[in-house]
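sequence and predicted model, in that order:
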Amino acid sequence: MSEKAPKVRILVAKPGLDGHDRGAKVVARALRDAGFEVIYTGLHQTPEMIASAAVQEDVDAVGLSIMSGAHNTLFPAVIDALKKKGADNVVVFGGGIIPDDDFQRLRESGVKGIFTPGTTLGEIVEWVKQNVHPASA
């Protein structure tokens with residue numbers, strides 16, 4: 001009997017007060033359909049809530065969705081909260097309305113992947129396949 005390879009676990013979260021979650025739900029569904037285990041936290045999550053859920057769910061990655069323009073504050077805050085909980089091995093990626101001028105700052109803060117309007121679901125799925133691996137593998 002062969003053992004199944006462990007599945008990548010991804011937490012999809014909406015930090016801050018942004019109430020637009022259709023994109024996050026669509027991405028979560030596409031990742032689930034591609035074979036990943038996906039946990040969606042819902043709206044209005046604080047960075048600490050997201051980090052706690054990531055640790056509790058033992059995820060390999062956190063995907064953040066922000067449409068409010070607060071990405072320069074909230075993405076790094078989630079990364080800091082993960083570090084404080086000892087989860088600095090969790091890959092953080094995100095998407096939303098993010099100007100090109102902010103990419104470098106976000107990457108320097110630890111965001112591994114950035115997706116903007118026009119990115120296809122296939123591109124996001126492929127990026128996850130290439131960049132996120134199960135911790136138990």
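Structure received.

strands of the protein, start to end?
9-13, 37-40, 61-66, 91-96, 111-115 (DSSP state E).

report the angle between the last one and strand 91-96.
Read that as strand 111-115. Inter-element angle recorded for strand 111-115 and strand 91-96: 30 degrees (by axes from the mean of the first three to the mean of the last three Cα atoms, to 10 degrees).

parallel or antiparallel, which strands does strand 111-115 pair with?
Strand pairing for strand 111-115, using DSSP bridges, gives strand 91-96 (parallel).

list the buried ones in stretch 58-71?
Buried residues in stretch 58-71, counted by 16 or more other Cβ atoms under 10 Å: 59-68, 71. C-beta: built from backbone N, CA, C; applies to glycine.

for those residues, give me a markdown table that also has pLDDT and distance to Phe36.
Below are the buried residues of stretch 58-71 laid out as a markdown table (pLDDT from 0 to 100; distance: Cβ to Cβ, whole Å):
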| residue | pLDDT | distance to Phe36 |
| --- | --- | --- |
| Val59 | 98 | 10 |
| Asp60 | 98 | 9 |
| Ala61 | 98 | 9 |
| Val62 | 98 | 13 |
| Gly63 | 98 | 10 |
| Leu64 | 97 | 16 |
| Ser65 | 95 | 16 |
| Ile66 | 92 | 21 |
| Met67 | 88 | 23 |
| Ser68 | 86 | 26 |
| His71 | 94 | 23 |
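
and those residues, which two are furthest apart?
For these, the maximum inter-member distance is 26.2 Å, found between Asp60 and Ser68 (Cβ to Cβ).
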